[in-house]
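**Q** coordinates for the following, if possible.
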Amino acid sequence: MYVAVHQFKPWHLLFMLVRAFQRTHPLHKSFVSFAAETQSNEQADLHFSSVDVKTTGSSAWQQEQPQQQRAPSSFSWTKQWWPVGIIAEMDKKKPTAVTMLGHTYVVWFDFKAEQWRVMEDRCPHRLAPLSEGRIADDGTLACSYHGWQFNGRGTCTNIPQIGDSAKMHAACASPRACVASFPTTDSEGLLFAWLEAGPQAEAEAAAKRPYSMPEFKDTPEYSAPWFTTQAPVDYTYWLEQGMDPTHANFLHHTCGFLMSAALPMPYERIKGVTVNGGFVWKHGPYDISQEGMQAERQLIPPNALRVVYDRGFVRGFVTMGVPVRPGISRVFARFKVSGTPKKNMANKPNIFNLPHWARGQSPLPDQDTVVNVKQEALMREFNQGPRDYNLFSGADQGIIASHRWFEAAGYKDMWKQRMGPLADGSSGNGNSNGNGTAESSSSAATTAAGSASQSVGAQYAYKPYTPPTQDDIFSQYERHTKQCAVCQAGMKQTQRIADAVSVAALGFAVAAVAVTAAAKGAFGPFTVAGTVVLAGLAGACVWLRQQILLFRYTQFINSEYNWHRDGGLSLVKGNPIMLKLSHL
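**A** Purely as a prediction, here's the structure:
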């Protein structure tokens, strides 16, 4: 069954326009924004040995033995289930490229097996990307370069350039003609991939399930749909930001949190951490409106963060992070709310059943992205890392815990193993921010078919870090639209609506001229009124078209206009940046 795309109804346009111009009240935003803030505001803490951050601040952590002097970590980053995409937002009609842990994979739906496939994204013939291919009539994945075809197991089934049937079958049987295919599974609406290939990987993957938050299983009717975003910041900030709940009342002041209501956060000291087991942190309320609230944050390595509240409308959430490339990360999030199923805002967001793009967007993801991108750029510029933080509050212990886990799990070494040495030939991390992050020039191929430990072909070296531009920071297309079939359909729908409005404007203008011409100089009151009304309708259609295109641009392509319109983080509204007509 193809991905379901919401049909655009007339009342959707009205709702969309209201959203486009409305400076939403913080209380009205709180539901959506808390879920998104939830995605960046929750995480866990780590082993402190004998260090008590209440009295020693960050100095003891700074003086500890750096990770480079420790033994290599035994933690496996590839023998894990990694979230690939939200199934309801994936397109079964065509293959899609998805990058995880520095390697690019092709994701496609195998109609014969009725399941999603994840394979290395390159044809063994001329190493062209299979994600630029197509689904053939027989259900196989076809390379668009020379037509080689592959089944869901990665076996080559057709080489059009070989006319002799026997020779073609012999060539297809060669391991060199195969593509690595990785185990996949679905869980609670997400597609997951196990990033090792071969028989042993199949067995290991079958013995383990993706993380599932227990609270969602207890009352699934109270669970919101998944949502996802990608940001040009390193994976470490996903965990660090989520383990720093006290930022919410300040960074997200316009999204339902109040600076004036913030409290010194009560907390329990983190008692321990293990590489495979993660850690748990318990703390109290954000602000005075949550008096007595108890919260629990838990890291489930390597990619799940569980947060539970004992009261309030939002009772918990889970975020699942994916290191895309050094300096780029993707997050999937889902939250749980209180209330009755029939009135649950998560399951029944509005009576018109609007697609998620027509309901507008919260500024919260942009707030996190702007701060973290510029924070990372500054840290790289001055060659600083998390050990340079000055963490005086006990509520900062989750940040220390997060980076201790990254060190214990060998995060920096993972990038070296996945993407090769630096461009200058050294094995270090060059201009690192302490997290071992760097920008990659390309994604290397993954494991070969039947071999879980050997890479196919050359690995690509790092390239020097380049700070993201404003377009990178606010690019809604790169952060979401490119991976969401529903939003891609929304882009087309809004463009068609704008085109229809243009035709209507032209029609009203022609009608106004026709009425004037028909009067033949005898301009009575009805003629004048009719001409004025028709001309007014034509002008209104021209204005409406521009607003629809502006909504389309800021919702699907780039949100910088909205950021400047709303005043950014300064909370002082400024003049919106001027968009060129070419943008629309």
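
**Q** identify the bridge partners of the residue most central in space within the chain.
**A** With distances taken as Cα atoms, centre = their mean, the residue of the chain nearest its centroid is Thr229 (2.3 Å). Beta-bridge pairing for Thr229 (DSSP bridges): Val331.

**Q** do I have it right that Arg380 meets Tyr465?
**A** Yes: using Cβ atoms under 8 Å, Arg380 is in contact with Tyr465, at 5.4 Å. The C-beta positions use only the backbone N, C-alpha and C, and glycine is treated the same way.

**Q** which of those two has more neighbours?
**A** The neighbour comparison of Arg380 against Tyr465 (other Cβ atoms under 10 Å) goes to Arg380, with 24 against 19.

**Q** so how far is whatever helix or strand the more buried one lives in off the chain centroid?
**A** Following DSSP states H and E, one finds Arg380 within helix 364-381. Computed by Cα atoms, centre = their mean, to the nearest Å, the chain-centroid distance of helix 364-381 equals 16 Å.

**Q** so what does the next helix or strand after it touch, helix or strand wise?
**A** Heading C-terminal from helix 364-381, the first helix or strand you meet, by DSSP H and E, is helix 397-408. The contact analysis (3 or more Cβ pairs under 8 Å, 6 or more residues apart in numbering; DSSP states H and E) places helix 397-408 against helix 235-242, strand 279-283, strand 295-300.

**Q** make it 10 Å
**A** helix 53-56, helix 59-63, helix 235-242, strand 279-283, strand 295-300, helix 411-419 (3 or more Cβ pairs under 10 Å, 6 or more residues apart in numbering; DSSP states H and E).

**Q** which helices and strands does the last one pack with?
**A** Here helix 411-419 is seen to pack against helix 235-242, strand 314-325, helix 397-408, strand 439-440, strand 462-463 when contacts are counted using 3+ Cβ pairs under 10 Å, 6+ apart.

**Q** ok and it relative to strand 314-325, angle-wise?
**A** Angle of helix 411-419 versus strand 314-325, following axes from the mean of the first three to the mean of the last three Cα atoms, to 10 degrees, is 50 degrees.

**Q** so for helix 411-419, mean pLDDT?
**A** The average pLDDT within helix 411-419 is 89.

**Q** okay, the helices and strands packed on helix 397-408, which one's buried deepest?
**A** helix 235-242 (a mean of 26; mean count of other Cβ atoms under 10 Å).

**Q** next SSE after it?
**A** Taking DSSP H and E, what comes next after helix 235-242 is helix 248-251.

**Q** so what does that following helix touch, helix or strand wise?
**A** helix 26-41, helix 364-381.

**Q** just the CA trace of stretch 471-480, in PDB.
**A** Output of stretch 471-480 as PDB, limited to C-alpha atoms (Å, rounded to 0.1, in the frame of the first residue of the first chain):
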ATOM      1  CA  ASP A 471      20.600  28.400   5.100                       C
ATOM      2  CA  ASP A 472      21.900  25.200   6.700                       C
ATOM      3  CA  ILE A 473      20.500  26.200  10.100                       C
ATOM      4  CA  PHE A 474      17.000  27.100   8.900                       C
ATOM      5  CA  SER A 475      16.700  24.600   6.000                       C
ATOM      6  CA  GLN A 476      13.400  22.900   6.600                       C
ATOM      7  CA  TYR A 477      13.900  20.900   3.400                       C
ATOM      8  CA  GLU A 478      17.200  19.300   4.600                       C
ATOM      9  CA  ARG A 479      15.900  18.900   8.200                       C
ATOM     10  CA  HIS A 480      12.600  17.300   7.400                       C
END
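
**Q** can I assume Pro264 is in contact with Ile288?
**A** No: contact criterion Cβ atoms under 10 Å: Pro264 and Ile288 do not qualify, at 11.3 Å.

**Q** per-residue pLDDT of Pro468, please?
**A** For Pro468, the model assigns a pLDDT of 91.

**Q** the helix holding Arg380 vs helix 235-242, what angle?
**A** Counting by the same axes, to 10 degrees, helix 364-381 lies at 120 degrees to helix 235-242.

**Q** tell me the average confidence for helix 364-381?
**A** For helix 364-381, the per-residue pLDDT averages 92.

**Q** what residues sit buried inside it?
**A** Using 16 or more other Cβ atoms under 10 Å as the test for burial, helix 364-381 gives 364-373, 376-377, 379-380.

**Q** for Gly536, grab the count of nearby residues.
**A** 12.

**Q** kindly report the same for Asp137.
**A** 7.

**Q** could you do Lys573 as well?
**A** 12.

**Q** tell me how far it lies from Gly316.
**A** Applying Cβ to Cβ, to the nearest Å, the value for Lys573 to Gly316 is 34 Å.

**Q** same question, Val371
**A** In terms of Cβ to Cβ, Val371 sits 25 Å off from Gly316.
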